[in-house]
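J.: What follows is a protein structure lacking sequence information:
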């Protein structure tokens, strides 16, 4: 195994900050045998291994062109790979090139409020490979039984841009009341034609009812895209929609002494339209 990282930060002016961060890692575990004896290694090379590696390069900064305006941004690239093998009996691997970025502008012209407008982007390519030549031998425990090899190779490429808007309002000009509404729009597109959008409204509230007591709550809708390989035709479904989850939370913060406090929260979450595996075990017609 090995890993490495480097970070550079600088401020060319009081209103500009810049930074970049690069790190990488590689881990590999393998076992070899000149005389494999177990059934799953029969007829194979006697090699079993697992390897995971990644590379990240991220850069970002902050710009303050006005006392009431701040612009933050981050963008980067990542490469991830996972591979495993049981000789010629079984192997699987996935590799992805991923691009991501975020830019957010914060406008706070008044003491009683601020607005955050942002753009998110995620996109890239995910490649995967699965092969097996010993499925029937493994299941039957007979290393001499012949079976056909199975090889699945595919790739998924897509883009997922998003826009979001959030406000923070303190109408009493202090922390006694804070109202945080928000709205997020996501668009998801894959190269084979899959495309869908989602709207996620959200609202959070924080009320200080006593010097040492705060009531808080939030409600919102959240969406999550299926994993790339779940869209691949043959092992997945290219017509999948995003998973959705309405969520809510209420809570209380109570400060008893300067060094002792309580933060209790109660959550509600409902998950809908989940992706599940379907195994077709119906007997084939003779």
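T.: That came in fine, so what should we check first? Values in this document were obtained by computation on a predicted structure and should not be read as measured data.

J.: did I read that right, residue 230 in a helix?
T.: Yes: secondary structure of residue 230 (DSSP: H, G, I helix; E, B strand; the rest coil): part of a helix.

J.: Grab the nearest non-local neighbour of it.
T.: For residue 230, ignoring the flanking residues on the chain, the nearest one in space by Cβ to Cβ, 6 or more residues apart in numbering is residue 236 at 4.4 Å. (C-beta placed from N, C-alpha, C; glycine too.)

J.: As a check, name the ranges of all helices in the chain.
T.: Using DSSP state H, the helices of the chain run over residues 135-140.

J.: Could you list the low-pLDDT ranges of it?
T.: 32-47, 87-89, 133-152, 234, 279-286 (pLDDT under 70).

J.: can you count the residues close to the residue nearest to residue 230?
T.: 18 (other Cβ atoms under 10 Å).

J.: for residue 86, same thing?
T.: 20.

J.: contacting residues for the nearest residue to residue 163 once chain neighbours are set aside?
T.: Spatially, and ignoring its direct neighbours in sequence, residue 163 is nearest to residue 185 (5.0 Å; Cβ to Cβ, 6+ apart). Counting by Cβ atoms under 8 Å, 6 or more residues apart in numbering, residue 185 touches 162, 163, 164, 197, 198, 199, 200.

J.: Which parts of the stretch 51-200 of the chain are strands?
T.: Counting by DSSP state E, counting those that start in this stretch, the stretch 51-200 of the chain has strands at residues 69-86, 90-110, 113-132, 150-169, 177-190, 195-210.

J.: How about the last one, which residues are buried there?
T.: By neighbour count, and taking 16 or more other Cβ atoms under 10 Å as the criterion, the buried residues in strand 195-210 are 198, 200, 202, 204, 206, 208.

J.: strands paired with it, and their directions?
T.: The pairing partners recorded for strand 195-210 under DSSP bridges are strand 177-190 (antiparallel), strand 213-224 (antiparallel).

J.: Quick one: work out the angle between that strand and strand 150-169.
T.: Interaxial angle, strand 195-210 versus strand 150-169 (axes from the mean of the first three to the mean of the last three Cα atoms, to 10 degrees): 40 degrees.

J.: hmm, who's touching strand 195-210?
T.: Counting by Cβ under 8 Å, 6+ apart, 175-189, 214-223, 241-242, 244 sit against strand 195-210.

J.: Need the buried ones from these selected in PyMOL.
T.: A single PyMOL command is used to select the members of the contacts of strand 195-210 judged buried by 16+ other Cβ under 10 Å:
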select buried, resi 178+180+182+183+184+186+188+189+214+216+217+218+220+222+223+241+242+244
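
J.: circling back: any idea how far residue 229 is from the residue nearest to residue 230?
T.: Distance, residue 236 to residue 229, using Cβ to Cβ, to the nearest Å: 6 Å.
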